[in-house]
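**Student:** I'd like to go over a predicted model; first the sequence, then the structure.
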Amino acid sequence: MYNEINWDSIDLKQAPPDIEPQRQYYFIKMLKNWFDGKVKEKGRKLTCQVNTFGCQMNSRDSEKILGILKCIGYIQSDSENADLVVFNTCTVRENANLKVYGRIGQLKKYKVKNPGMVTVLCGCMMQEKEAVAKIRKSYKNVDIIFGTHNIYKFAELLAMKVLDSPDSSKMIIDILDNAESIVENLPSKRKYPFKSGVNIMYGCNNFCSYCIVPYVRGRERSRKPEDIIKEIEELVKDGVKEVMLLGQNVNSYGKNLENPVTFTELLEMVEHIDGLCRIRFMTSHPKDLSDSLIEFMGRSKKLCKHIHLPLQSGSSRLLKIMNRHYTKEDYLLLVDKIKKAVPDIAVTTDIITGFPGETEEDFNETLDVIEKAGFDNAFTFIYSKRTGTPAASMEGQVPENVVKERFDRLLEKVHNVSSKKSAQYLGKVYDVLAEEVNVQEDGYITGRMGQNYLVHFKGDKNLIGKIVPVKLCESRGFYYYGELVQNNK
Ligand code: 5AD
Ligand code: SF4
């Protein structure tokens, strides 16, 4: 493991090793020495800020970037006026890109005052050639750009910038078109001491016709189960009670391994880890969700009673064009099976409106599924045209005013259905993982139910990181006010 590294054994007089992660440890050590020099020169430690856009995969990647920075010596800061600023970008929807351009533009003023400031861009948007070309041309304040396939190389790229060309305006760009092998055992800095995301696979093979992810994250690669288990065991030793297994489509985990393992088999292994209390996973594709997984969900003691199952559209006609490989009826049947196996499970989803060719009839089918599936919550999106995806060149792009009006109706429907659903949990007692002090209300703690609802309750801050029973007293949509029943775990 990374924390077993013997830094003294790394000889910086030798050339950097060719194997990973040893090569990165070498550059981290080099940067540690450089950092010590900077502390002497400036009379203070350098600061860093890591900004994350997009999904849980990006959040986990940011923890890895922050892990490397902390290991070098950087102090985490809330301000963009830091010595090193990272933007870990998303490109799933157009406005995600626009936000990033706005933010890097704003950084220019800080660089004038602090010429040694380092600006780093990484993540999905950097896998798009047009975006990188635009940054090269118009955002010369950026120092380092890398993509989704070589995050592990961050220390090496940072060393290239700050050690080899600190004063030049040379932009260091390192983007791979395809994923190399998975590099294990790099440092990471968790946001919460008691819970963590754990990547079980990278990439996606599904090519839903609206989605850019397979183009920017590459094909599916699964981590070996033994590496995953070892990581979780280490996390548990370090105080983690809850893990979220992460992948674009966790249900197809393990298919490409030398010795294939199913997702359910992996879950069985994770369930047996002593000291681990809760397991979550994200995201599931309805087409790959197996009966064995549903059966396991019914009997597992540790799996949280929540599944995120993206619907995208309720129209079988559109689902076919979206390349989703299930129909409205298949989806509803699946939800039914899951609810029978796990009676008080919360089901959440993703829905897109305004996909090319979406008619009023198609849209009504979506509203119908929301009602019938009885979602606890739904992330709703207006279709965004992503250049390079099949849907971008499809005929029948829906006019903006029509989409906006449908989007409002979608929100209203989701709100009505989820309020009915959340009322069902009221009055009962649930285990809640206390996560943080509620900054808005004095004396209140915010925690999370297995069903993923947030719960605010009166309690002391030493409850944080503990799983405590809380009675739900008042519902406010996707969060509750509750009362601590007793504190025994
Ligand atoms: N437009 C709008 N929403 C999209 N998503 C993916 N691609 C697009 C797009 N082009 C949504 C899907 C997916 C979620 C992560 O983002 O609903 O499940
Ligand atoms: Fe995109 Fe579809 Fe893959 Fe999800 S399953 S990441 S929506 S292509």
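**Tutor:** Thanks, I have the structure now. Everything quoted here is computed from the prediction, not taken from an experiment. Numbers count the residues shown, from 1 in each chain. Ligands and ions are numbered 1, 2, ... in the order given.
**Student:** quick one: is stretch 324-342 near ligand 2?
**Tutor:** No - against ligand 2, stretch 324-342 shows no contacts by Cβ under 6 Å from any ligand atom, the least distance being 7.5 Å. Where C-beta positions appear, they are placed from N, C-alpha and C, glycine not excepted.
**Student:** is ligand 2 contacted by stretch 239-252?
**Tutor:** Yes - using Cβ under 6 Å from any ligand atom, stretch 239-252 reaches ligand 2 at 248-249.
**Student:** please save the CA atoms from that stretch in PDB.
**Tutor:** Taking C-alpha atoms only, stretch 239-252 is exported to PDB below (Å, rounded to 0.1, in the frame of the first residue of the first chain):
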ATOM      1  CA  GLY A 239     -12.100   4.200  10.100                       C
ATOM      2  CA  VAL A 240     -14.300   3.800   7.000                       C
ATOM      3  CA  LYS A 241     -17.800   2.400   7.800                       C
ATOM      4  CA  GLU A 242     -19.400   2.900   4.400                       C
ATOM      5  CA  VAL A 243     -18.100   2.300   0.800                       C
ATOM      6  CA  MET A 244     -19.700   3.300  -2.500                       C
ATOM      7  CA  LEU A 245     -18.600   1.000  -5.300                       C
ATOM      8  CA  LEU A 246     -18.200   3.100  -8.300                       C
ATOM      9  CA  GLY A 247     -18.400   2.500 -12.100                       C
ATOM     10  CA  GLN A 248     -20.400   3.800 -15.100                       C
ATOM     11  CA  ASN A 249     -22.200   0.400 -15.200                       C
ATOM     12  CA  VAL A 250     -21.400  -1.600 -12.200                       C
ATOM     13  CA  ASN A 251     -23.600  -4.500 -13.300                       C
ATOM     14  CA  SER A 252     -21.200  -5.400 -16.000                       C
END
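**Student:** which positions in the stretch 1-150 of the chain make contact with ligand 1?
**Tutor:** Counting by Cβ under 6 Å from any ligand atom, the positions of the stretch 1-150 of the chain adjacent to ligand 1 are 92-93.
**Student:** which parts of stretch 119-133 are buried?
**Tutor:** 119-128, 131-132 (16 or more other Cβ atoms under 10 Å).
**Student:** compute the first-to-last residue distance for stretch 422-438.
**Tutor:** 21 Å (Cα to Cα, to the nearest Å).
**Student:** give me the buried positions along that stretch.
**Tutor:** 422, 425, 430-435, 437-438.
**Student:** just the ones of those residues in strands?
**Tutor:** Judged by DSSP state E, these include 430-435, 437 as members of strands.
**Student:** and the residue in the stretch 251-400 of the chain that ligand 2 sits nearest to, what is it in contact with?
**Tutor:** Distance from ligand 2 to each residue of the stretch 251-400 of the chain (Cβ to the nearest ligand atom) is smallest for His285, at 5.2 Å. Shown in contact with His285 (Cβ atoms under 8 Å, 6 or more residues apart in numbering): 206, 249, 251-252, 310.
**Student:** so the closest residue to ligand 2 within the stretch 1-150 of the chain: helix, strand or coil?
**Tutor:** Nearest residue of the stretch 1-150 of the chain to ligand 2, counting by Cβ to the nearest ligand atom: Val92, 7.8 Å away. When classified by DSSP: H, G, I helix; E, B strand; the rest coil, Val92 comes out as coil.
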